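Enquirer: predicted model and sequence follow; I will ask about them next.
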Amino acid sequence: MWPFRKKQKTVAAAMMYSQVDITEAFGDHQRLGVNEWITTQPLNATSDDPESMGLPRVGADADAVYRVASTLSEIRESIPIPNDGVYCPVCHIANVDLDRLRTPCPQCGRPLLKFGWD
Ligand SMILES: [Zn+2]
């Protein structure tokens with residue numbers, strides 16, 4: 001699914017995901033404008049053992065979730081991936097405008113992280 005899996009096997013083995021949230025439907029971003037935000041879903045809510053996949057545990061507090069998400073984002077930020085946008089793993093919102101990367105979240109002020117849509 002993500003291009004870096006083939007190139008960086010050690011990273012892929014340690015971390016199954018490069019973000020802690022996903023959007024509900026494939027292709028959500030294609031109908032979003034740069035000023036629109038969409039709600040995201042935490043991946044750890046749908047996983048039996050989220051920590052083994054590099055995700056925050058269920059019920060982790062906001063700062064812990066953000067720490068994990070920020071580390072994953074750094075990996076994703078090191079690789080150019082077409083159509084990536086940004087998200088806040090605490091407020092669970094995403095936006096298609098990658099220029100907002102590491103700018104403050106409009107809701108909580110934490111720096112926005114890199115988000116893949118597919
Ligand atoms: Zn936020």
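Expert: Great, that's in hand.

Enquirer: which parts of the protein are strands?
Expert: 21-22, 38-39, 41-42, 85-88, 93-95, 113-115 (DSSP state E).

Enquirer: so for this structure, the centremost residue is which one?
Expert: What sits nearest the mean C-alpha location of the chain, by C-alpha atoms, centre = their mean, is residue 19, with 3.1 Å.

Enquirer: contacts only, for residue 19.
Expert: Taking C-beta atoms under 8 Å, 6 or more residues apart in numbering, we find residue 19 in contact with 43, 69, 72-73, 76, 87, 89, 113-116. The C-beta positions use only the backbone N, C-alpha and C, and glycine is treated the same way.

Enquirer: pLDDT wise, what is the residue nearest to residue 65 when sequence neighbours are not counted at?
Expert: If the residues on either side of it in the chain are set aside, residue 65 comes closest to residue 56, at 4.6 Å by C-beta to C-beta, 6 or more residues apart in numbering. Per-residue pLDDT puts residue 56 at 95.

Enquirer: what's the burial count for residue 56?
Expert: 22 (other C-beta atoms under 10 Å).

Enquirer: quick one: it and residue 68 touch, right?
Expert: Yes - with contact defined as C-beta atoms under 8 Å, residue 56 reaches residue 68; the gap is 4.6 Å.
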